[in-house]
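S.K.: give the three-dimensional model of this entry:
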Amino acid sequence: MKRYFALDCRGEYHAEIDPESQKAAVRSWACSKCHRLLPGRKLKEVRLAHRAMGSQPFMVSFALSVGFFRRSFLEVVCAGEIDRHFEWANVLGPNGKPYRDWIIAVGHHRIIVRGSDLPSHSYCPQCGTLRYLTRGGFFLYPEPPPNIDVFDETPGRLVVTHPVLQRVQQHKWPKLTVFELGVAPKPLDKLGILPLRRLPSNAND
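M.R.: Model (predicted):
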């Protein structure tokens, strides 16, 4: 049986996006409610309001629900095949020039890390994307597809198989947290199968 691990990097640094760049993202590719990548849309570059990015391999933003990754980190995670696992775009500094080693990225394969400690879930009323929250008791359910080794859980967390973890651990990544995830035989949160997306109630309005 495959082993799965969460890569977490929720430190003190958050990418602060320029307000005009955020507005442009919502007009182009981001949901106006949950700020995730809309189905069928392509990520486009975003501009930061401040240059400081911190030393961690990836981070989150409060303005858009996408991950900010060091390209060198994703190259290791994806064994040099970022396009196979992620949709991505450049990150621009306040001066409009792209960072050499930072990109925004959304995984092609999404997964939900579930938990038995105060779980809750809802669906975005605009795009129908699942939002799941829990305080702990983490697990996976159902078992992930066996032919995939890299999953995007939320902005700020990846789920990978053991061979991918071994690649990652050959490098020293500051502020990276790793914990193993068991695959539960039944949903410990008693929520059954949770679709990653549900048709919004106003879809036919």
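
S.K.: just the helices in this structure please.
M.R.: For the chain, helices defined by DSSP state H occupy the ranges 19-28, 71-77, 82-85, 162-168.

S.K.: give me the helices and strands touching the shortest one, please.
M.R.: When contacts are defined as 3 or more C-beta pairs under 8 Å, 6 or more residues apart in numbering; DSSP states H and E, helix 82-85 packs onto helix 71-77. Backbone N, C-alpha and C define where each C-beta goes, glycine included.

S.K.: mean confidence for the helix it packs on?
M.R.: Averaged across helix 71-77, the pLDDT comes to 97.

S.K.: may I see the buried residues of that helix?
M.R.: Arg71, Phe73, Leu74, Val76, Val77 (16 or more other C-beta atoms under 10 Å).

S.K.: give me the number of residues near the closest residue to Leu64 other than its chain neighbours?
M.R.: Nearest residue to Leu64 in three dimensions, chain neighbours excluded: His35, at 4.9 Å (C-beta to C-beta, 6 or more residues apart in numbering). By other C-beta atoms under 10 Å, the residues close to His35 number 22.

S.K.: who's in contact with His35?
M.R.: Listed by C-beta atoms under 8 Å, 6 or more residues apart in numbering, the contact partners of His35 are Ala25, Val26, Ala63, Leu64, Ser65.

S.K.: over to Leu140?
M.R.: Tyr4, Ile111, Val113, Arg114, Val159, Leu181, Gly182, Val183, Ala184.

S.K.: hang on, isn't the last one packed against Phe139?
M.R.: Yes - between Ala184 and Phe139 there is a contact under C-beta atoms under 8 Å: 4.4 Å.

S.K.: nearest residue to Glu16 other than its sequence neighbours?
M.R.: Ala49 (4.7 Å).

S.K.: now Ala24
M.R.: Lys44 (7.6 Å).

S.K.: roughly how far apart are the one you found and Val113?
M.R.: Distance, Lys44 to Val113, by C-beta to C-beta, to the nearest Å: 28 Å.

S.K.: quick one: strands adjacent to the helix or strand of the chain with the lowest mean pLDDT?
M.R.: When each helix and strand of the chain is scored by mean pLDDT, DSSP states H and E, strand 58-59 comes last, with a mean of 92. Here strand 58-59 has these sheet partners by DSSP bridges: strand 67-70 (antiparallel).

S.K.: ok, and what's touching the strand it pairs with?
M.R.: 15, 53, 57-61, 88, 91, 101-106, 152, 155-156.

S.K.: what stretches of this structure score poorly on pLDDT?
M.R.: 10-12, 201-205 (pLDDT under 70).

S.K.: longest strand in it, by residue count?
M.R.: As assigned by DSSP state E, the longest strand anywhere in the chain is strand 98-107.
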